[in-house]
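Asks: No sequence on hand, only this structure:
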């Protein structure tokens, strides 16, 4: 008796094959997403520091005087309000906005160079 159709064994074999392929694909996808989030964080941090450098260039001698203080904090609020950053940056992995008032770039003058340290709070 020759009936057309598939057997239970064939269905189980197909499901097992799909599960095997999914097991190989999903861990790699998760690794790629994590790497992308890390890269996005690094790029965003560099952009914030570059905005602070521009702010320093425009305000040194006016609002910023390293003769009076060895370092200065520039808040994200200042950078956003004055147009150095277009909007409030967010953490790529959680999509939470950083606190504009408590997140800042610390600029310290060492001889003829500047050091930049970024502090981001949610």
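Replies: Looks like it came in fine. Just so it is clear, the model here is predicted, and its values are computed rather than measured. Numbers count the residues shown, from 1 in each chain.

Asks: For residue 15, give its distance to residue 104.
Replies: Remark: distance between residue 15 and residue 104 (CB to CB, to the nearest Å) = 54 Å. In short, each C-beta sits where N, CA and C put it, glycine included.

Asks: ok, which stretches of this protein are strands?
Replies: Using DSSP state E, the strands assigned to the chain run over residues 71-75, 104-110, 113-119.

Asks: for those, which one sits closest to residue 59?
Replies: Residue 59 sits nearest to strand 71-75 of all the strands of the chain, at 8.6 Å, using CB to CB.

Asks: hang on, the earlier thing: please say which of residue 15 and residue 104 ends up with more neighbours.
Replies: Between residue 15 and residue 104, residue 104 has the larger neighbour count (other CB atoms under 10 Å), namely 23 against 10.

Asks: so how far is stretch 56-65 from its chain's centroid?
Replies: Its chain's C-alpha centre and that of stretch 56-65 lie 28 Å apart, by CA atoms, centre = their mean, to the nearest Å.
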